[in-house]
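> Quick one, fold the following:
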Amino acid sequence: MLLEGKVAIVTGGTRGIGLSIVKSFLAEGAKVALCGSREETVTKALDAIKAENPKAPVLGYWPDLTSNEAVSAMVNSVVETWGTLDVMVNNAGISQSTPLLDYTPEEFQRAMDLNVTAVFNGCQAAARIMAPKGTGVILNTSSMVSIYGQKSGVGYPTSKFAVNGLTKSLARELAPQGVRVNAVAPGVTSTDMVAALPEAVVQRISMGIAMGRPGEPQEVADAFVYLASDKASYVTGVVLSVDGGALF
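Numbering: from 1, shown residues only. The predicted structure is shown next:
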């Protein structure tokens, strides 16, 4: 029970890696507020969790993460309900693969809004709660493309490079207030998107991974559990790669 008594918020928590983080945090003793983009997806995730554990201490929200006011209101609601906030996971985001010459400014800006501005909003709202009490953990979801880049969809790796910079800078700024800030950079992971790919495509992708296979959402979630726990009490400013030894 590495997170017993902790209160956490997980954005992008309705499916894939985010839902695995929510379930792992609950299994380790935390109370968790999960956020999604729409009420129906949040309700579906809550129903699935409650079906497995009717007494699970979990709440659901669907704020506009690009709105600083909406994110602050959501964080304040969690604190009003459970008394505090110990762990903030900024996991929500979108990927893109549009070639440069076909990119629209609006599409590029959407990546910045959801992958950078939303992360900033979550960090700021959490820090307002954590810094005065002198303790807390902020975790951001980066990506392997923040290290290697990618062949098209430049807005996505650009946004994840920004997440890394934000993470490392806030780690230095908030350390004196007792708040740790880290990121996890997943590699190719067996989410719904990868599961829908033909086997030949998955095999080709796996050739660029030292361990020879995509990761599982649970394997990524375990990294979040570690960084959220007191086992990582002297770890801050880290972008932890969970990519099976990517060779891209």
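
> So which residues make contact with the helix or strand harbouring Asn140?
For Asn140, the host element (DSSP states H and E) is strand 136-141. For strand 136-141, the external contacting residues (Cβ atoms under 8 Å, 6 or more residues apart in numbering) are 12, 17, 85-91, 93, 119, 122-123, 126-127, 129-130, 163, 166-167, 170, 174, 178-184, 186, 224, 227-228. C-beta coordinates here come from the backbone N, C-alpha and C atoms, glycine included.

> can you give me the mean pLDDT across that strand?
Per-residue pLDDT over strand 136-141 has a mean of 98.

> Only alpha carbons, please: show it as PDB.
C-alpha atoms of strand 136-141 as PDB (Å, rounded to 0.1, in the frame of the first residue of the first chain):
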ATOM      1  CA  GLY A 136       3.200  16.900  -2.600                       C
ATOM      2  CA  VAL A 137       4.100  15.200  -5.900                       C
ATOM      3  CA  ILE A 138       3.400  16.400  -9.500                       C
ATOM      4  CA  LEU A 139       3.800  13.900 -12.300                       C
ATOM      5  CA  ASN A 140       3.600  14.700 -16.000                       C
ATOM      6  CA  THR A 141       3.200  12.300 -18.900                       C
END
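
> and that strand, which strands flank it?
strand 87-90 (parallel), strand 179-186 (parallel) (DSSP bridges).

> middle-most residue in this protein, spatially?
In the chain, the residue lying closest to the centroid (Cα atoms, centre = their mean) is Asn91, at 2.0 Å.

> Report pLDDT for the residue nearest to Val119 when sequence neighbours are not counted.
Closest residue in space to Val119, ignoring its immediate chain neighbours: Asn90 at 4.4 Å, by Cβ to Cβ, 6 or more residues apart in numbering. Note for Asn90: predicted pLDDT of 98.

> cool, Thr98 as well?
So Thr98 comes in at 93 (pLDDT).

> Is it correct that the residue nearest to the centre of the chain is in contact with Val10?
Yes - if you go by Cβ atoms under 8 Å, Asn91 and Val10 touch, sitting 5.9 Å apart.

> Mind listing the shared neighbours of these two?
Common neighbours of Asn91 and Val10 (Cβ under 8 Å, 6+ apart) are Gly18, Ile21.

> Could I have the CA atoms of the helix or strand of the chain with the lowest mean pLDDT written out in CSV?
Of all helical and strand segments in the chain, the minimum by mean pLDDT, DSSP states H and E falls on helix 192-195, at a mean of 72. Written as CSV, here are the backbone C-alpha positions of helix 192-195 (Å, rounded to 0.1, in the frame of the first residue of the first chain):
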residue,chain,number,x,y,z
ASP,A,192,-6.3,0.6,-27.9
MET,A,193,-4.5,2.3,-30.7
VAL,A,194,-1.7,-0.2,-30.8
ALA,A,195,-4.0,-3.2,-30.3
